[in-house]
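> I'd like to go over a predicted model; first the sequence, then the structure.
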Amino acid sequence: MIHVNSNYCKGCLLCMEYCPKKVYVKSEKLSKKGVFPPEVKYPENCIKCHLCELMCPDFAIIVEDKDDK
Ligand code: SF4
Ligand code: SF4
């Protein structure tokens, strides 16, 4: 399970850039902060490498290892 806290996200989209599995797409909806946060579009592709979580400068992403499918 991937959690993106759009209240923390500043819309830099580093997470999207670094994700090797292209799990994210840019959201079409503006967040409260006035940015376009990443949207978890293809969670089934996630390999839980945690790169997105590590790269996020604002600690807006949490990747849970446990799968809730
Ligand atoms: S890296 Fe973090 S701050 Fe940047 S777009 Fe992704 S979630 Fe938002
Ligand atoms: S944990 Fe890895 S594969 Fe999963 S969304 Fe983040 S960067 Fe992509």
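That came through, no problem. Residues are numbered from 1 along each chain as shown. Ligands and ions are numbered 1, 2, ... in the order given.
> and Arg28, how many neighbours does it have?
Not Arg; residue 28 is Glu. Number of residues near Glu28 (other C-beta atoms under 10 Å) recorded here: 7. C-betas here are computed from N, CA, C, even on glycine.
> and what of the one 5 residues further on?
Lys33 is flanked by 14 other residues according to other C-beta under 10 Å.
> At which residues are the helices of the chain located?
14-18, 51-55 (DSSP state H).
> List the buried residues of the first one.
Going by neighbour count (16 or more other C-beta atoms under 10 Å), the buried part of helix 14-18 is Leu14, Cys15, Met16.
> Work out the gap between it and the centre of the chain.
8 Å (C-alpha atoms, centre = their mean, to the nearest Å).
> just so I know, which of the helices of the chain lies nearest His3?
Of all these, it is helix 51-55 that lies closest to His3, at 9.6 Å by C-beta to C-beta.
> Which elements pack onto the closest one?
helix 14-18, strand 61-63 (3 or more C-beta pairs under 8 Å, 6 or more residues apart in numbering; DSSP states H and E).
> Now mean pLDDT and distance to Pro43 too, for the ones you listed, in JSON lines please.
Below are the helices and strands packed on helix 51-55 laid out as JSON lines (pLDDT from 0 to 100; distance: least, C-beta to C-beta, whole Å):
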{"stretch": "helix 14-18", "mean pLDDT": "98", "distance to Pro43": "13"}
{"stretch": "strand 61-63", "mean pLDDT": "98", "distance to Pro43": "10"}
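> follow-up on the earlier one: closest to ligand 2 out of the helices of the chain?
helix 51-55 (3.3 Å; C-beta to the nearest ligand atom).
> which intervals of the protein have sub-threshold pLDDT?
67-69 (pLDDT under 70).
> need the strands for it, in chain order.
With DSSP state E, the ranges of strands along the chain come out as 2-4, 24-26, 38-40, 61-63.
> ok now the third one, how far from the chain's centre?
Centroid separation between strand 38-40 and its chain, computed with C-alpha atoms, centre = their mean, is 5 Å.
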